[in-house]
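>>> Provide a 3D model corresponding to the input given below.
(one chain, ligands or ions: 1)
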Amino acid sequence: MSGIVIVGAGQAGATLAETLRSKGFDGPVTLVGAEADLPYERPPLSKAYLLGDMARERLYLRPEAIYSEKDIVLKLGQPVSHLDTAAKTVKVGGEVLSYDQLALTTGSVPNRLPAAIGGDLEHVFTVRSLADIDRMRPFFARNARVLVVGGGYIGLEAAAVAAKLGLQVVLVEMAERILGRVAAPETADVIRAAHQAHGVDIREGVGLERLLGEDGVVTGARLTDGSELAVDFVIVGTGIRPDTRLAEEAGIGCDNGIAVDEMGRTSASDVWAAGDCASFPYKGGRLRLESVQNAIDQAQAVAANMLGAGVPYLPYPWFWSDQYDLKLQIAGLNTGYDRIVVRKTDDAVSHWYFRGDTFLAVDAVNAPRDYMVGKRLLEMGRSVAPEVVADPDANLKALLKP
Ligand code: FAD
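Numbers count the residues shown, from 1 in each chain. This next block holds a predicted model:
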């Protein structure tokens, strides 16, 4: 028996391996990871770990001993370089591994700036892996000048850490506002105000024209508004793309990620996918989510289906971001909203998205109760009247009663 091979030892891969065991699979399980570290969680990379508030070992999802206890063979530090779906083998270094079933949990790769505009200069960093953070961390010295390119969550979180540590931070966002792809203008306003209060120079509607360098090292940047600034280093937070390389080379169907059916099966027999790299059927289209919760839930569903459960994966998206003393929690997907209702109580504010009278999603800033109620309503398939949400005296918890 060849057993199950999992390619990609991140959040989804490690969860999938453990779920196979917890569901009673007793055949061989091999988890192959390109990175040398034990499987780890990424959210602290742009938060507590970057700030220096979290030890490296605390990032690990499980201590090494757990994998041997559960008889999960870890092969870390080298990528799977080739997948042959006809022979049912993968190549890792000089070794060829056979599989009965294969799971692709290869995650995402960060977008880089093109070399033509200076993206290949030294001291230009992406924020994806522990190795990325270890490389950039020594540059976080008081008064160092950093340019952050991109006003999404990753760029904003890195900017918040830099500002907290006393760096001089300029953040440019080419679109007309920060968080344009993921949050309402009202939520962006709260986040922008916090950054400005901490001295971050946020420039919206301004892109990077090119980086400037000397002897191969970045020294400055020219922006699309014609201005130039001197910098010591650059953080690129311009999004990610699903890592579909192996799947594409093997002829597996991809469509904004490795395309899977509702069970998590790819177009190749006995090959499955989960996590950031997978796009799945959703409301007549395809959806791909980039979050810890999706990586965990989908990996658990796929593990069960690999063992024959036959249960479709249904996402209940939620996400969080920490910046300064703001804890932003998001439940649901706001795609297609036509109305935002604001709920404000003391220091807490939440923005509720509706399409017509249908509640779609909530962004809660320091409002854990609003977030919890919104998340539960979505899970229960219930809506809520916009005027109830808008009333700060309304007891939202009552909405959860049977
Ligand atoms: P990954 O965790 O990326 O794991 C994929 C692994 O596969 C990688 O280690 C990769 O090296 C490996 N791999 C790829 N190709 C191969 C190959 N050929 N052979 C072997 N191995 C391979 N989400 C939230 O919900 N909340 C947050 O606050 C949050 N903050 C984040 C902050 C940062 C800085 C980052 C980078 C991400 C954050 N995310 C957050 C997103 C979240 O971490 C990801 O959605 C999650 O890690 C996805 O898990 P995954 O297993 O699909 O992919």
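
>>> which residues of the protein lie near the ligand?
Contact residues, the chain versus the ligand (Cβ under 6 Å from any ligand atom): 7-13, 32-35, 42-43, 45-46, 79-80, 105-108, 127-128, 154, 243, 246, 275-277, 290-293, 295, 319-321. For glycine as for every other residue, the C-beta is placed from the backbone atoms N, C-alpha and C.

>>> mind checking which of those land in helices?
Judged by DSSP state H, the residues of the chain next to the ligand include 11, 12, 13, 154, 246, 292, 293, 295 as members of helices.

>>> rebuild these as TSV, extending it with neighbour count and pLDDT.
Converted to TSV, those look like this (neighbours: other Cβ atoms under 10 Å; pLDDT from 0 to 100):
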residue	neighbour count	pLDDT
11	26	98
12	32	98
13	26	98
154	24	96
246	20	98
292	20	96
293	16	95
295	27	98
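
>>> pull out the buried members of the residues of the chain next to the ligand.
Burial by neighbour count, judged by 16 or more other Cβ atoms under 10 Å, picks out 7-13, 32-35, 42-43, 45-46, 79-80, 105-108, 127-128, 154, 243, 246, 275-277, 290-293, 295, 319-321 from the residues of the chain next to the ligand.

>>> got a list of contacts for whichever strand or helix holds residue 74?
Using DSSP states H and E, residue 74 sits in strand 72-76. With contacts defined as Cβ atoms under 8 Å, 6 or more residues apart in numbering, strand 72-76 is touched by 9, 17-18, 21, 28-33, 35-38, 64, 67, 92.

>>> of those, buried ones?
Once neighbours are counted (16+ other Cβ under 10 Å), the buried part of those comes down to 9, 17-18, 21, 28-33, 35, 37-38, 67, 92.

>>> biggest separation within those residues, which pair?
For the buried ones among the contacts of strand 72-76, the farthest-apart pair by Cβ to Cβ is 28 and 37; their separation is 23.0 Å.

>>> count of residues packed around residue 193?
Look at residue 193: counted by other Cβ atoms under 10 Å, it has 12 neighbours.

>>> which SS class is residue 176?
coil (DSSP: H, G, I helix; E, B strand; the rest coil).

>>> which ones are touching it?
With Cβ under 8 Å, 6+ apart, residue 176 has these contacts: 204, 205.

>>> buried ones in stretch 195-213?
195, 200-204, 206, 208-213.

>>> now do stretch 314-332
In stretch 314-332, counting by 16+ other Cβ under 10 Å, buried: 315, 317-323, 326-332.

>>> and whichever residue of the stretch 201-350 of the chain sits closest to the ligand, what's its pLDDT?
Nearest residue of the stretch 201-350 of the chain to the ligand, counting by Cβ to the nearest ligand atom: residue 275, 2.3 Å away. Note on residue 275: pLDDT of 98.
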